[in-house]
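**Student:** How does the following fold in three dimensions:
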Amino acid sequence: MRPVHIIGVSLDLGGNRRGVDMGPSAFRIAGLGERLAALGMTVIDEGDLVAPIPETKSFGDPGKKYIREIARVCEKLYKTSLGVFEKGGFPLVLGGDHSLAAGSVAATADFVRRDVKPIGLIWVDAHGDMNTPASSASGNVHGMPLASLLGPEPSELSRIGGFTPKVLPEHTVLIGIRNLDEREKEIVRASGVRVFTIKDIDRAGIALVAEQALAIAGNGTGGVHVSFDLDVCDPTIAPGVGTPVKGGLDYREAHMLMEIVADSGLLRALDLVEVNPILDDRNMTAILGAELASSALGQKIL
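**Tutor:** Predicted coordinates for the structure are as follows:
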């Protein structure tokens, strides 16, 4: 196993509920590093990339609020994660809101394309995160990172790393979707990405969905980047998220997904995002995230 480099991103500009900037600290308090070290891994904590707080900045363009500040943080994350790859490490990125994935996925895509291969992306989320400034009703950028990775908007995020797109629709999979606005539904349907809604998981089971997702994202690629928003889990097990939605993954479904990812041997990098300690109950959401990271990185029942 490559050394695991923990990269915290205290980014709290992409949504409209404060608190996710404390997510990286919550993961550390949950013992994430110690859990991974107990599995025999070398763990290197890179500290946090610190973003400005909304109170000190003007949100600027109402269609993409705080986009310049978010892009600067994502550019720093891109460079930090790419440096981890170049040292032979595994980037484990802790958020912070999901807009950070514009930087983390860019780094994985850049490193893998040096072998003339694309990257596969599995986006685990209650939401599609495929809005653009033209379609978003709120202007909240944490609803736009996947759009920036697939296409040209928002341009401040899509041009990170100097190349676009970062991922192709045929190598991109959404898992756990259950809350899309009407305009975003049209975008997702037209995008060409494969979507497994929560209904699909109910019908087929998480094991089959995970295996199919890996077959799609891993087919002809240089591996898979998993970007996991804790709001994909049901609020009964993950209350500390900014945008909770009833009817999410249960405890064992979330772990089985990560266990199957680990078994595939395809995982190149992992994001865990949107933990909001202000809304949590005794840090249970961050503890769940730490446990899920352990499963994704090889912890086994037997």
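**Student:** drop to CA atoms for contacts and neighbour counts, all remaining ones
**Tutor:** OK.
**Student:** hey, where'd the strands end up in the chain?
**Tutor:** For the chain, the strands defined by DSSP state E cover 4-10, 43-50, 90-95, 120-124, 172-177, 194-197, 224-229, 267-273.
**Student:** Tabulate these (JSON lines), appending distance to residue 29.
**Tutor:** Converted to JSON lines, those look like this (distance: least, C-alpha to C-alpha, whole Å):
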{"stretch": "strand 4-10", "distance to residue 29": "13"}
{"stretch": "strand 43-50", "distance to residue 29": "13"}
{"stretch": "strand 90-95", "distance to residue 29": "13"}
{"stretch": "strand 120-124", "distance to residue 29": "24"}
{"stretch": "strand 172-177", "distance to residue 29": "27"}
{"stretch": "strand 194-197", "distance to residue 29": "32"}
{"stretch": "strand 224-229", "distance to residue 29": "19"}
{"stretch": "strand 267-273", "distance to residue 29": "15"}
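**Student:** Please tell me how far the closest residue in space to residue 292 that isn't next to it in sequence sits from residue 188.
**Tutor:** Nearest non-adjacent residue to residue 292, counting by C-alpha to C-alpha, 6 or more residues apart in numbering: residue 255, 5.9 Å away. Distance of residue 255 to residue 188, computed by C-alpha to C-alpha, to the nearest Å: 26 Å.
**Student:** related to what we said a few turns ago, might one say that the residue nearest to residue 292 is in contact with residue 295?
**Tutor:** Yes: at 6.5 Å, residue 255 counts as touching residue 295 under the criterion of C-alpha atoms under 8 Å.
**Student:** List the contacts of the residue sitting nearest the centre point of the chain.
**Tutor:** For the chain, the residue sitting closest to the mean C-alpha position, by C-alpha atoms, centre = their mean, is residue 227 at 2.7 Å. Contact partners of residue 227, counting by C-alpha atoms under 8 Å, 6 or more residues apart in numbering, are 101, 121, 122, 123, 124, 270, 271, 272, 273.
**Student:** Go again with 6 Å.
**Tutor:** Shown in contact with residue 227 (C-alpha atoms under 6 Å, 6 or more residues apart in numbering): 123, 270, 271.
**Student:** Take these and lay them out in TSV including neighbour count and distance to residue 82.
**Tutor:** Listed next are the contacts of residue 227 as TSV, based on neighbours: other C-alpha atoms under 10 Å; distance: C-alpha to C-alpha, whole Å:
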residue	neighbour count	distance to residue 82
123	26	20
270	25	13
271	25	14
